[in-house]
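Colleague: Quick one, fold the following:
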Amino acid sequence: MKWIVIILFYQTSFIWSIFSWILPAMPAAKLGLGVWIMLPQSHGEFHLYHGILNYLLIVEKKVLTLRCEYSSKVVGFIFNLAIGSLRFMVNYLTEECVLEVNEKTEEMFAIIQEEVETRSQNA
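Modeller: Predicted coordinates for the structure are as follows:
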């Protein structure tokens, strides 16, 4: 928990530098906030973490949603690319390669079928 708050504090340090142009006491405030976060007896990281926890959860949910959408698009693109290249090159493949592609396709179909069953059970 402490490291999450410290990393967020240092990642937003550019904002502190912008405020230091406006407010001359900002470096002292930045130092005070840093000490408050780091000192164990003040529990500053606990208060800040619980203050931003809801925002972190919202951002995490959005990131996971975007990651799922992106992964689905990438897998779909790669799958379509593989189908297109197979259609183009199927006449030039050896019989062993065709059999290997068939085995891999059956293996892939089994994985997809297992995932569909898992998702239907969880729904």
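Colleague: And the strand or helix carrying R87, how far out from the chain middle?
Modeller: Counting by DSSP states H and E, the element that carries R87 is helix 44-89. In terms of CA atoms, centre = their mean, to the nearest Å, the centre of helix 44-89 is set 5 Å apart from its chain centre.
Colleague: which helices and strands sit right next to it?
Modeller: In terms of contact count using 3 or more CB pairs under 8 Å, 6 or more residues apart in numbering; DSSP states H and E, helix 44-89 is assigned the packing partners helix 2-11, helix 26-38. Where you see a C-beta, it was placed from the backbone N, CA and C, and this is true even at glycine.
Colleague: Contact partners for the nearest residue to P27 once chain neighbours are set aside?
Modeller: If you skip the residues right next to it in sequence, P27 has S20 as its closest partner in space, 5.7 Å away by CB to CB, 6 or more residues apart in numbering. By CB atoms under 8 Å, 6 or more residues apart in numbering, the residues touching S20 are M26, P27, K30.
Colleague: pLDDT below threshold where in this structure?
Modeller: Residues of the chain that meet the criterion pLDDT under 70 lie in 1.
Colleague: Perfect, that will be all.
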